[in-house]
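Trainee: Below are the sequence and a predicted model; questions follow.
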Amino acid sequence: MMQCLKHPLNHTNARRLLCTLTIPSLNIILSTAAYIQSLDACVASKSLRLGQEIHQYILQNSPIIKDSIILEKLTRLYLEFGKIRHVRKLFDEIPDLDVIDWNSMIRAYAWRGPFEEAIDLYKRFWIRMG
């Protein structure tokens, strides 16, 4: 198992990693970097289903769900597949929005629409940060 973490994860190794993680007796906790590599592998291999499974695992078993980098990777995953509602849900659940979070959501609307939402969020960003 450690072998797949020494090299960039591909779809197959990300699947193996998830399968290993779901064995309760192992009690494995991954680093943020391992989750990032796994989510990147899902985007690269166009595997929304595996990405959703990793997302569910993170929600159920990891305290890092509020990590900005993880949220950015999840945003990228869902945006890649046009799941703008998933992206917005992630955004709305962030307790302390930072510039990266705002940028990710504004960019998501700018890429996928509705474009008016990008403009509205941009205005809200300046009001909130100003």
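Mentor: Received it, and whenever you're ready, just let me know what you need. Numbering: from 1, shown residues only.
Trainee: any idea how far the spatially most central residue of the chain lies from residue 109?
Mentor: Among the residues of the chain, residue 74 comes closest to the average C-alpha position under C-alpha atoms, centre = their mean, at 1.4 Å. According to C-beta to C-beta, to the nearest Å, residue 74 stands 16 Å off from residue 109. C-betas here are computed from N, CA, C, even on glycine.
Trainee: same check, this time on residue 40
Mentor: Separation of residue 40 from residue 109 (C-beta to C-beta): 23 Å.
Trainee: quick one: which of those two has more around it?
Mentor: Comparing residue 40 with residue 109 by neighbour count (other C-beta atoms under 10 Å), the higher total belongs to residue 109, at 21 against 18.
Trainee: Tell me who's in contact with the more buried one.
Mentor: 84, 115, 117-118, 121 (C-beta atoms under 8 Å, 6 or more residues apart in numbering).
Trainee: Let me see the contact set for residue 75.
Mentor: Contacts of residue 75 were listed using C-beta under 8 Å, 6+ apart, and they are 87, 90-91, 104-105, 108.
Trainee: what's the farthest-apart pair in those?
Mentor: Farthest-apart pair in these is 90 and 108; separation 9.6 Å (C-beta to C-beta).
Trainee: What segments of this protein are helices?
Mentor: Along the chain, the stretches classed as helices by DSSP state H are 2-6, 11-21, 32-44, 48-61, 68-80, 84-92, 99-112, 115-129.
Trainee: Columns mean pLDDT on top of those, output as a markdown table?
Mentor: Shown next, in a markdown table, are the helices of the chain (pLDDT from 0 to 100):
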| stretch | mean pLDDT |
| --- | --- |
| helix 2-6 | 40 |
| helix 11-21 | 64 |
| helix 32-44 | 85 |
| helix 48-61 | 86 |
| helix 68-80 | 85 |
| helix 84-92 | 89 |
| helix 99-112 | 87 |
| helix 115-129 | 92 |
